[in-house]
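A.B. asks: Here is the input, now give the coordinates:
(chains A and B)
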Amino acid sequence: MHDKTLAQQAALLASGELKSVELVDHYLTRIERLNSNLNAYILVDEDRAREAAVAADARLQKGEGGPLTGIPIAHKDIFCTKDVRTTCGSRMLENFIAPYNATVVDKLNDAGVVTLGKANMDEFAMGSSNENSFFGSVANPWQHDRVPGGSSGGSAAIVAAQLASAATGTDTGGSIRQPAAFCGVTGIKPTYGRVSRYGMIAFASSLDQGGPLARTAEDCALLLQAMCGHDPRDSTSSLTDVPDFSATLNDDIKGLRIGVPEEYFAQGLEAGVADAVKTALAELERAGAILKSISLPNQGLCIPAYYVIAPAEASSNLSRFDGVRFGHRAENPQDLEDLYKRSRGEGFGPEVKRRILIGAYALSAGYYDAYYRKAQQVRQLVTNDFTEAFKEVDVIAGPTTPTTAFSRGEKSSDPTAMYLNDLFTVSANLSGLPGLSAPCGFSNGLPVGLQLIAPVNEEARLLNLAHQYQSVSDWHLQSPVAND
Amino acid sequence: MSWETVIGLEIHAQLATRSKIFSGASTAFGAEPNTQASPVDLGLPGVLPVVNKDVVRMAVRFALATGADITKRSVFARKNYFYPDLPKGYQISQMAFPIVGEGSITVTLPNGEEKVIGLTRAHLEEDAGKSVHDLFEGCTGIDLNRAGTPLLEIVSEPDMRSAVEAVAYARYIHSLVRYIEICDGNMQEGSFRCDANISIRPMGSETLGTRAEIKNLNSFRFLERAIDFEVERQIDILEDGGTVMQETRLYDADKDETRSMRSKEEANDYRYFPDPDLPPLVIDDAFIASVAATMPELPTKRRARFVETFEISAIDAQSLCSDKQTADYFEAVFEGQTFAPRLAANWMLGELFGRMNKEDVQLSDVPVSAAQLGKLISRVDDGTLSGKLGKQVFDGLWSAEGEVDDIIEARGLKQITDTGAIETMIDEVIAANPSQLAEYRAGKEKLLSFFVGAVMKASKGKANPAQLNQILREKLKG
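C.D. replies: Numbers count the residues shown, from 1 in each chain, chains lettered A, B, ... in the order given. Have a look, this model is predicted:
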């Protein structure tokens, strides 16, 4: 039953042919068998999962359930879960238990999901390979010597290895889309403000956005529906109405104008990735979409701007981890400064420290204008590029990443090479736009992701287009675990 | 050489909201440590700030009261530094775009002169928690009840030239924020505290000298003393050929001196940047209008009206307008009464304030209502009571003995106005004091007061003084 999509499982649950307790039991058995090799879960909470499944079955029995009632999922360990440990992949929060649920967790609980456990991730969501987790790196289910991508690497691996029906993730510079691409699953980062950030541990507040990872666009639509909506506890939460994402999945895409940025197919793009993406675009053209070559001239400035803004915000966001009130605290501090230095020195990993240093530097007196202010200006230029482009096209399409999943350890000593993984994904974060990655083929046996970007609040358009593509392709149904 | 003192003040007024600036936790003073700290105040991971609308309303009230500019789009910024009682590792404040911009106020100095003092800005920020150093052996305790309490930091131009002017300005702001009900002004509890920026320069010079900032002055007396000490200190340094260091200093009230806290070199780089968790604070005209509709008549205007309409002195009007509650009480005393409002002022400034001082109570805790005081004054005005008896009735009201007429009745204080009764008492007194009568008639007219006193005593203070006087004079003549 793990090979079914979430929507298929939901239909079986609704008809009573399948019980949530059976489904949960099945996934727990798989996790028991397969997670030790993948290390995709940081925590599995069998007791709570079984309890929630019983409650979900009762709800379904009374006909009070919705499409997510009884569906087993995993939460990226960045979402606070009341009474259940939330680590954010860090030693700093090795023993942290929040007294509250993230809004996303509450909303999905209200919809009746069953939480199996917490997904591994790069520490504080900083990374593109999931090698920066205090709880160990994660294997890519397609080839275990490859990375699953990051920072939502655990979530993507869980979905790909079918250790849950779906998972939540967060995306600050590509952290949903890049691992979705590397693991051959579908993931969407909605418009900034669509999904509440309350209880989602902050990395870079102006860029962070939660979203789902699942097998299909149809599944993502169901999850995103439950996750979106205004939250009075998040001042950046959007007041825009949330449409019914599932209702427009089958809309005809005839005449839909798809912009293909020439910058996305420039040097450095893996040939197999380029081929797969071009083939997918041709498929969409056959389905009635109109392809149009466009230009995003400031695309090249995205990475440098992102790596100023994100670390700057992070340097401030992570100041609260000081060993005073919660989190890791150094033993026998000599004085206050010693307490701070050792608690943070011991609690944070090297990549987190690197970004705190970069960020604090960028915000320092005398450097603010040259770095932070300049980066904000670039951000505006990038946004202007999109505004111009969307006058001509409805959606922008291209590869999610320049390459397929790289080898574990390959880039961990070269941060700049690692940062270039986000080349195509950060622009959507800088401009607050919704972006989706869907499987579109393979290169050397590893999945390739097709990225779709739409104007603000047009998630429905992305889901519709991806669903239509998935109606004429089966890349999303291929599985690394067909024979496990 | 003669020196000119230049002073600018930064006043932190704690806004009188029920809940904190970015969370729903209570702001009440004096609760058990850490019982009024929500996850937001504790800076737990993932939680987010949401601006309390009352805080915005109060800042707008301040702008309206001072005629200062209201920033239509102000921005919250993070001030980053590590300190154990600063839970997030940054304070949410406002930097480049404060909610209140430039304005100015006119302060009346003790010598009666008026002085215009410019307001640079006023911005919103959250307070930090408190470090408690004397509770645990070898450890510092942290109490985060105060963390997230809303503050309005009011920054003046360096327009003050003496400690006296600085105190007059601080008192004006103190009175104003209480008057417009945005701050309780309680200086002991830290609801209103001043930082003073002080420098000196040769008289006639246009350039500013190097300043020292003295932090956390929580009484007007300390403010005055700290400035006086600091000015002397700086003059001594300059006259000895030295240079004043730019630094932050603390005032030690016990030693009556200021001492260095940190120099400019040791100052933090706060790495200010706009808080990405809070969108710019947008204030539209409709919001301003809705706040304006709830604004009270301002003290300056009200003082002028009191002087003009009610014929009371400027000094009395100032005392009555020191806060809104007092001014409201005053107007309520004579509402619906026929006596002159001036009488209400006299009773309040004399009897009421005297009693409040003596018993150390605030107007809000006074057991005598404005209506009761009004009734009492009317009973004096209509001759039922003498002024002296009125004071006895006031005592009765203070001890909650009932309403004015009940107290007059119960205490038997009604004035004796019956001529016959007064005559009888006078006759008895005269008969009992033949020698004094003889002296009086021989020309020692000073003895009149002896007779008045004796008759008044015989009447137990209830004889109508005017009648008594008149009849007594006639009888003494013989």
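A.B. asks: Report how many residues lie close to the residue in chain B that chain A sits nearest to.
C.D. replies: Nearest to chain A in chain B, going by Cβ to the nearest Cβ, is B:Gly89, at a distance of 2.4 Å. Every C-beta, even on glycine, is put in place using the N, C-alpha and C of the backbone. The number of residues packed near B:Gly89 is 21, by other Cβ atoms under 10 Å in any protein chain shown.
A.B. asks: Please list all residues in contact with it.
C.D. replies: A:Ser316, A:Leu318, A:Ser319, A:Arg320, A:Asp322, B:Gly43, B:Asn80, B:Tyr81, B:Phe82 (Cβ atoms under 8 Å, 6 or more residues apart in numbering or on different chains).
A.B. asks: Equivalent analysis for B:Gln415, please.
C.D. replies: Counting by Cβ under 8 Å, 6+ apart, B:Gln415 touches B:Gly383, B:Thr384, B:Leu385, B:Ser386, B:Leu389, B:Lys462, B:Ala463, B:Asn464.
A.B. asks: just checking, the fourth one touches B:Val393?
C.D. replies: No. With the criterion set as Cβ atoms under 8 Å, B:Ser386 and B:Val393 do not qualify as a contacting pair; they are 10.5 Å apart.
A.B. asks: In terms of neighbours, single out the busier of the two.
C.D. replies: With neighbours defined as other Cβ under 10 Å, B:Ser386 and B:Val393 compare such that B:Val393 has more, 25 against 21.
A.B. asks: lowest-pLDDT helix or strand in chain B?
C.D. replies: strand B:257-263 (a mean of 84; mean pLDDT, DSSP states H and E).
A.B. asks: and it, which residues are buried?
C.D. replies: Going by neighbour count (16 or more other Cβ atoms under 10 Å in any protein chain shown), the buried part of strand B:257-263 is B:Glu257, B:Thr258.
A.B. asks: Following element in sequence after it, please.
C.D. replies: Scanning forward in sequence from strand B:257-263 by DSSP states H and E, the next helix or strand is strand B:273-274.
A.B. asks: What mean pLDDT does whichever helix in chain B runs longest get?
C.D. replies: Criterion DSSP state H: the longest helix present in chain B is helix B:220-239. For helix B:220-239, the mean per-residue pLDDT is 95.
A.B. asks: Show me where the stretch 101-250 of chain A has its strands.
C.D. replies: For the stretch 101-250 of chain A, the strands defined by DSSP state E, counting those that start in this stretch cover A:114-119, A:166-171, A:186-189, A:209-214.
A.B. asks: How is chain B partitioned into domains?
C.D. replies: B:3-289, B:296-411, B:419-477 (automatic domain parsing).
A.B. asks: Lowest mean pLDDT across those, which one is that?
C.D. replies: Among the domains of chain B, domain B:419-477 carries the lowest mean pLDDT (a mean of 88).
A.B. asks: How far does that one stretch from one end to the other?
C.D. replies: Using Cα to Cα, to the nearest Å, one end of domain B:419-477 lies 18 Å from the other.
A.B. asks: which ones are touching the residue positioned nearest the centre of chain B?
C.D. replies: For chain B, B:Ser175 is the residue whose C-alpha lies nearest the centre (Cα atoms, centre = their mean; 4.5 Å). B:Ser175 makes contact with B:Gly185, B:Pro299, B:Ser322, B:Asp323, according to Cβ under 8 Å, 6+ apart.
A.B. asks: So which of these sit within helices?
C.D. replies: Using DSSP H, the contacts of B:Ser175 in helices are B:Pro299.
A.B. asks: where does the stretch 51-200 of chain A have low pLDDT?
C.D. replies: Flagging of the stretch 51-200 of chain A using pLDDT under 70 yields an empty set of residue ranges.
A.B. asks: Tell me where it has helices.
C.D. replies: Along the stretch 51-200 of chain A, counting by DSSP state H, counting those that start in this stretch, helices occupy A:103-111, A:153-160, A:177-183.
A.B. asks: how deep is residue 132 tucked in, by neighbour count?
C.D. replies: No chain specified, so I'll use chain A. If you count neighbours by other Cβ under 10 Å, A:Asn132 ends up with 25.
A.B. asks: that's the wrong chain, I meant chain B
C.D. replies: B:Val132, neighbours per other Cβ under 10 Å, totals 14.
A.B. asks: Go ahead and confirm A:Gly193 touches A:Ser238.
C.D. replies: Yes. Using Cβ under 8 Å, A:Gly193 is in contact with A:Ser238, at 3.5 Å.
A.B. asks: anything in contact with each of those two?
C.D. replies: Contact criterion Cβ under 8 Å, 6+ apart; residues shared by A:Gly193 and A:Ser238: none found.
A.B. asks: Need phi/psi at B:Lys115.
C.D. replies: Taking degrees, to the nearest 10, you get phi -140, psi 130 for the backbone angles of B:Lys115.
A.B. asks: Residues in a beta bridge with it, which ones?
C.D. replies: Here B:Lys115 sits in beta bridges with B:Val107, as judged by DSSP bridges.
A.B. asks: Let me see the contact set for it.
C.D. replies: The neighbours of B:Lys115, taking Cβ under 8 Å, 6+ apart as the test, are B:Thr106, B:Val107, B:Thr108, B:Leu109, B:Asp159, B:Glu165, B:Ala168.
A.B. asks: Are any of those buried, and if so which?
C.D. replies: B:Val107, B:Thr108, B:Asp159, B:Glu165, B:Ala168.
A.B. asks: which SSE is the fourth one in?
C.D. replies: Using DSSP H and E, B:Glu165 sits within helix B:163-179.
A.B. asks: what residues are up against B:Tyr83?
C.D. replies: B:Tyr83 makes contact with B:Ala128, according to Cβ under 8 Å, 6+ apart.
A.B. asks: In a helix, it, correct?
C.D. replies: No. Under DSSP: H, G, I helix; E, B strand; the rest coil, B:Tyr83 sits outside any helix and is assigned coil.
A.B. asks: Which residue ranges of the stretch 251-400 of chain B form helices?
C.D. replies: B:285-292, B:299-310, B:314-320, B:324-333, B:341-347, B:353-359, B:370-381, B:387-398.
A.B. asks: Point me to the residue of chain A nearest chain B.
C.D. replies: Per Cβ to the nearest Cβ, A:Ser319 is where chain A lies closest to chain B, at 2.4 Å.
A.B. asks: what's around that residue, how many residues?
C.D. replies: 23.
A.B. asks: Now it: closest residue in space, sequence neighbours ignored.
C.D. replies: The shortest distance from A:Ser319 to any non-neighbouring residue, by Cβ to Cβ, 6 or more residues apart in numbering or on different chains, is to B:Gly89 (2.4 Å).
A.B. asks: any idea how far the one you found is from A:Leu423?
C.D. replies: Separation of B:Gly89 from A:Leu423 (Cβ to Cβ, to the nearest Å) stands at 32 Å.
A.B. asks: Phi and psi next, for the nearest residue to A:Pro350 once chain neighbours are set aside.
C.D. replies: Distances taken as Cβ to Cβ, 6+ apart place A:Asn132 nearest to A:Pro350, at 7.9 Å, with adjacent residues excluded. A:Asn132 adopts backbone torsions of phi -100, psi 20, taken as degrees, to the nearest 10.
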